[in-house]
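>>> model this:
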Amino acid sequence: MSDYFDDKDTSTPRHEPARQPDPAPRAEPHLGDTRSQPRQEEAPAGSGLAHERRDERRYIRVSPTFEVRFDDGNRFRGLDLSQGGFAIESPRPMRQDARVRGSIAITTASGELLVPVSAQCRHSLALEGRGGAHHAGFEITDISPSHLELLRRVVRAHLAGRPLDVEQMVQGEDAQTPRKRRGTGSTPQAAARPPRPMGRYVALFIGFAVLAVVAAATAYRNFMLIEPNFAAVTAPRIDIRAPSPGILMAHELKAGDRVTRDERLTRVKDVDLESDLILAEAAQRYNSQLIENLQENLDGANGGQVSLANSAEPGNGDAVSFETVSPDIARARIDQFETARDFQASRVTALQARQSQNEIYSPCDCLVAWALSSSDGTYINESEKIMTLMRTGDDEVMVEALVHMDDIDRIEPDQLAYLSLPNASGPISARVRSVALDIERQPRAGFPSWVRQQQNVASVLLVPEKPLPVESVGTPVDVRFTEQALLGATAEWIWQSGRRVVQQASQLFSGIGDNDAADTAG
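As a prediction, the model looks like this:
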């Protein structure tokens, strides 16, 4: 059983009729006023009527067709409705001050309006001649502003004598009394005065100010900051050259591949070297066999004559002949054969060392910048370039700039500079690592040799504070050296922002032009 019924009230209905409606409604107060319902005057003893003073009434009450549905599933027929509360007909008495939650279902011509509310019971009076029915009045304690506005429109539509229509309420029409509509229609509207175009002047002033700031930053950047003759992104370069002439064996390396330290890159096949190695190994085995055979003959002669070969070179073109000698001469020839064998062993070792150099391995964790194609058995000469590797470790991808000798005295190590990559947004800060009148001993990739032919420039290496991508090696960059960090940074950022805006505008216009050309061609 719901907790808002008053089960203790089992007496007969009291002889207190429902409150009488006012003869004339008052003007509605502010929508947010949700104070308690008007108080009831105490009826004198023995009187069957209870009147309500007009100064206590705060909301106009209307009697549309509606139903109150509580959250526990009970439904009650509505008697009257206002912005501050509602009254229902209940088969049992309601407990005073009981709090309930539910929805007010208002029947309209095209549907039904549901208004969720929270309410508190203010009074419950028995209705005479209704078989125990009670008149229960509730004050709305919680309602959203949108639903409160909906209740206000329902009340005003009912007072105006207009049927409730959901579509008109959705369209924003506010029902009015006939008197107010007539007054509004008869009053002429004052001519609207055109607003003053102050926004145009403000926008124009801001535009001129922005242009002035960009112009000042551009002038400071071009005339006050130091600009080198040429600058590009560089990295240490390692050239892999052929150790000997021969055929470059097949490999699958190409530009852009990464290799690790001691990784096998390729091999050069030197046919002459391999032939010399084979002959040297054969001569070594031949001498070893001669020594072994002569020692056996010497041991088995028992002081007699010994037969031995007259040559220690198996490939001299002459037939090998044998002769008979004394044991002393045989021992001397054994020493000669051992000397020839040791010589051939040393020669084999040297040839093997040269052949091992033809196996080329990576000297570092590098990026392949260029590789010679090995298709169709490419023949290469000694010291011919096979590959070019770039070192891409931390702080190895730098920027090299050639600064004129007239400005070199204004640059010192650890000085601040700004880099601008093509098609990049925003400058990149960098620090000067070294200033030299000649290039470094370590060759660098991405810097053309013809640029270094200038005689009146010095080489300046810059270390970016933000790592540069390896793909940018060889890309020319715009460099500016600054002596005033704050002014230089401000000018550079303003100039870069203006350049970015210009680039985006040019790309937009070029895209529009391409579309127009495509439409014309189509």
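>>> how about Pro236, what does it touch?
Counting by Cβ atoms under 8 Å, 6 or more residues apart in numbering, Pro236 makes contact with Met390, Arg391, Glu396, Gln442, Pro443, Arg444, Ala445. Yep, even glycine has a C-beta here, placed from its N, CA and C like the rest.
>>> give me that answer again for 7 Å
Residues near Pro236 by Cβ atoms under 7 Å, 6 or more residues apart in numbering: Met390, Arg391, Glu396, Gln442, Arg444.
>>> check which helix or strand covers it.
strand 230-241 (DSSP states H and E).
>>> what about the closest residue to Leu372 other than its chain neighbours, neighbour count?
With sequence-adjacent residues excluded and distances taken as Cβ to Cβ, 6 or more residues apart in numbering, Leu372 is closest to Ile386, at 5.1 Å. Number of residues near Ile386 (other Cβ atoms under 10 Å) recorded here: 22.
>>> okay, Ile386: pLDDT?
Reading off the confidence values, Ile386 has pLDDT 92.
>>> elements contacting the helix or strand containing Ser275?
Under the criterion of DSSP H and E, Ser275 resides in helix 271-301. Applying 3 or more Cβ pairs under 7 Å, 6 or more residues apart in numbering; DSSP states H and E, we find helix 271-301 packed against strand 306-309, helix 327-357.
>>> who does the closest residue to Arg444 other than its chain neighbours bridge with?
Of all residues not flanking Arg444 in the chain, Thr234 sits nearest, at 4.1 Å (Cβ to Cβ, 6+ apart). With DSSP bridges as the criterion, Thr234 is bridged to Met398.
>>> if I look at Thr234, how far off is Ala430?
Using Cβ to Cβ, to the nearest Å, Thr234 is found at 13 Å from Ala430.
>>> got any residues that touch both of the two?
Jointly contacting Thr234 and Ala430 under the rule Cβ under 7 Å, 6+ apart are Val399.
>>> re the thing from before, pull out the buried positions in the strand holding Pro236.
Phe230, Ala231, Ala232, Val233, Thr234, Ala235, Pro236, Arg237, Ile238, Ile240 (16 or more other Cβ atoms under 10 Å).
>>> name the strands paired with the lengthiest strand in the chain and say parallel or antiparallel.
What stands out as the longest strand in the chain, according to DSSP state E, is strand 112-126. Strand 112-126 pairs in its sheet with strand 99-107 (antiparallel), strand 134-142 (antiparallel), by DSSP bridges.
>>> so which strand or helix has Ser459?
Using DSSP H and E, the element containing Ser459 is strand 457-464.
>>> what residues does the following helix or strand past that strand touch?
Using DSSP H and E, the next helix or strand after strand 457-464 towards the C-terminus is strand 478-481. Residues from elsewhere that reach strand 478-481, judged by Cβ under 7 Å, 6+ apart: 221, 225-228, 231, 399, 401, 411, 415, 417-420, 492.
>>> nearest to Ser373 among the residues you listed?
Val399 (31.4 Å; Cβ to Cβ).
>>> which one is the closest one nearest to, not counting chain neighbours?
Excluding its sequence neighbours, the residue lying closest to Val399 (Cβ to Cβ, 6+ apart) is Leu462, at 4.3 Å.
>>> is it true that Val473 touches Val233?
Yes. If you go by Cβ atoms under 7 Å, Val473 and Val233 touch, sitting 5.2 Å apart.
>>> any common contacting residues for these two?
With contacts defined as Cβ under 7 Å, 6+ apart, the residues shared by Val473 and Val233 are Val397, Gly446.
>>> would you map the helices across the stretch 51-200 of the chain?
Taking DSSP state H, counting those that start in this stretch as the test, the helices found in the stretch 51-200 of the chain are 145-159, 166-170, 178-186, 198-223.
>>> the second one - what's its average pLDDT?
Same thing as helix 166-170. For helix 166-170, mean pLDDT rounds to 64.
>>> the first one too?
Confidence over helix 145-159 (mean pLDDT, whole number) is 85.
>>> for that helix, which helices and strands make contact with it?
Helices and strands touching helix 145-159, by 3+ Cβ pairs under 7 Å, 6+ apart, are strand 112-126.
>>> for the strand it packs on, list the C-alpha coordinates in PDB.
Extracted C-alpha coordinates of strand 112-126, given in PDB (Å, rounded to 0.1, in the frame of the first residue of the first chain):
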ATOM      1  CA  GLU A 112      -1.100  14.300 -24.400                       C
ATOM      2  CA  LEU A 113       1.300  16.500 -22.500                       C
ATOM      3  CA  LEU A 114       3.300  14.900 -19.700                       C
ATOM      4  CA  VAL A 115       4.800  17.200 -17.000                       C
ATOM      5  CA  PRO A 116       7.100  15.500 -14.400                       C
ATOM      6  CA  VAL A 117       6.800  17.100 -11.000                       C
ATOM      7  CA  SER A 118       7.500  16.500  -7.300                       C
ATOM      8  CA  ALA A 119       4.700  17.600  -5.000                       C
ATOM      9  CA  GLN A 120       3.700  17.800  -1.300                       C
ATOM     10  CA  CYS A 121       0.100  17.200   0.000                       C
ATOM     11  CA  ARG A 122      -1.200  20.300   1.700                       C
ATOM     12  CA  HIS A 123      -4.800  19.200   2.600                       C
ATOM     13  CA  SER A 124      -7.200  16.400   2.000                       C
ATOM     14  CA  LEU A 125     -10.900  17.200   2.400                       C
ATOM     15  CA  ALA A 126     -13.900  14.800   2.100                       C
END
